[in-house]
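Colleague: Quick one, fold the following:
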Amino acid sequence: MRLWVCIALLSTVLCASADRPAIVQGVIQAGKFVRDALGGTRDMYRAYLDMREANYKGADKYFHARGNYDAARRGPGGAWAARVISDARELWQGSVSGRGAEDTRLDQEANAWGRSGGDPNRYRPKGLPSKY
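Modeller: Residues are numbered from 1 along each chain as shown. This is a model prediction of the structure:
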């Protein structure tokens, strides 16, 4: 009995100190990616809600950049979510809203600026309340 207890304890110590198998590392990385993507989606949604609440003319580029910036800071999953959401939004707005190619191009520029770590305040209009 004591021999089995010693073997079990030794196995536990050895397993705890050993490197994880590649499959386990892959699952952990995938979990982090998904967590970051969900957090990035929340960041994008929060920026959208703030944009709607502010209802401030000319501030849309700031909120685009801010949402992408916040999402990308979470990691690769957040940056991926920001890209997918931004591209889908611009595709929909470009085909439905009729705002035009120039507005879409400027929105995408602000999106890319935020995702690359650029300061969203570059697009902040004068007079936008400090709450945002």
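Colleague: Going by C-alpha atoms from here, please, whenever you check contacts or count neighbours.
Modeller: Will do.
Colleague: list the contacts for Arg83?
Modeller: Arg83 sits next to Asn68, Asn111, Arg115 when contact means CA atoms under 8 Å, 6 or more residues apart in numbering.
Colleague: next one: Lys32
Modeller: Gly77.
Colleague: Following the chain onward from the longest helix seen in the chain, which element is next?
Modeller: If you go by DSSP state H, the chain has its longest helix at helix 22-54. Where DSSP states H and E defines the elements, the next helix or strand beyond helix 22-54 is helix 60-72.
Colleague: so for that next one, what's the average pLDDT?
Modeller: Helix 60-72 carries an average pLDDT of 98.
Colleague: Could you name the helices and strands sitting against it?
Modeller: helix 22-54, helix 76-92, helix 101-115 (3 or more CA pairs under 8 Å, 6 or more residues apart in numbering; DSSP states H and E).
Colleague: just to revisit the earlier point, TSV for the contacts of Arg83, including neighbour count and distance to Met44?
Modeller: Below are the contacts of Arg83 laid out as TSV (neighbours: other CA atoms under 10 Å; distance: CA to CA, whole Å):
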residue	neighbour count	distance to Met44
Asn68	34	7
Asn111	26	11
Arg115	26	11
